[in-house]
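In: got a sequence here, can you model it:
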Amino acid sequence: MKTKNNSKSVKKILILCFSLTLLISTTSCNKNDDNPTCGCNSDVRATIPESANLIGQLVYKRQLDPNDNFYNNKFWITYVEPDCNNCVHHMIVCNENFLSSFNDVKELPIGQSISVQFSGHLKETCTKIFSPADFTYEHITLTNIERQ
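Out: As a prediction, this is how the structure comes out:
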């Protein structure tokens, strides 16, 4: 009789453990996918404050090479760190509506840009590109931009 009761107790404990494990694993893996990990709608990775007074070059990138599908027909800001000519930060503008007074940049000849002072929030790009380690590619949601 005792063996039968022990057997039932062991079964109940096993069922309870299995149920708890199943419950914990299904609820803990239920991740909120509302926030993308990259792109213009992703979380802010870093912020460039207005007080940084960064000056970069604003261009409108067009597709010139048929094999180049890297964020074409977009406004880009390129910033080179003052004491590091190889430290180049390329930022693809997310909120292009913020640039309504810069539409003339679209008409500049290839290779020309305008100087701008800017600030904003940096976000991860979804499409990656192979480049030297001291080059960065990010999205930027501008908070301020002024012609220089």
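
In: domain assignment for this structure?
Out: The chain is divided into the following domains under automatic domain parsing: 1-30, 46-147.

In: which residues does the most centrally placed residue in the chain contact?
Out: Closest to where the C-alpha atoms of the chain average out (C-alpha atoms, centre = their mean) is residue 124, at 1.8 Å. With contact taken as C-beta atoms under 8 Å, 6 or more residues apart in numbering, residue 124 is in contact with 37, 38, 39, 42, 45, 138, 139. Placement of C-beta: from N, CA and C, glycine included.

In: before we move on, back to that, mean pLDDT lowest for which of the domains of the chain?
Out: Of all the domains of the chain, domain 1-30 carries the lowest average pLDDT, namely a mean of 56.

In: rewinding a little: now for the contacts of residue 124: which two are most distant?
Out: With C-beta to C-beta as the measure, no two of these lie farther apart than 37 and 138, at 13.6 Å.

In: so the two - more neighbours on which side?
Out: residue 138 (17 against 10; other C-beta atoms under 10 Å).

In: strands paired with the longest strand anywhere in the chain, and their directions?
Out: Determined from DSSP state E, the single longest strand within the chain is strand 135-147. Applying DSSP bridges, strand 135-147 is found paired with strand 88-93 (parallel), strand 114-124 (antiparallel).

In: identify the residues contacting the first one?
Out: The set of residues external to strand 88-93 that reach it, using C-beta under 8 Å, 6+ apart, is 56, 71, 74-81, 99, 120, 122, 125, 134-140, 142.

In: restricted to buried residues, select these in ChimeraX.
Out: Selection of buried members from these for ChimeraX, criterion 16 or more other C-beta atoms under 10 Å:
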select :56,71,75,76,77,79,99,120,122,125,137,138,139,140,142
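
In: hang on, isn't residue 114 packed against residue 105?
Out: Yes. Applying C-beta atoms under 8 Å, one finds residue 114 in contact with residue 105, separated by 6.0 Å.

In: next, show the common contact partners of the two.
Out: Taking C-beta under 8 Å, 6+ apart as the criterion, residue 114 and residue 105 both touch residue 58.
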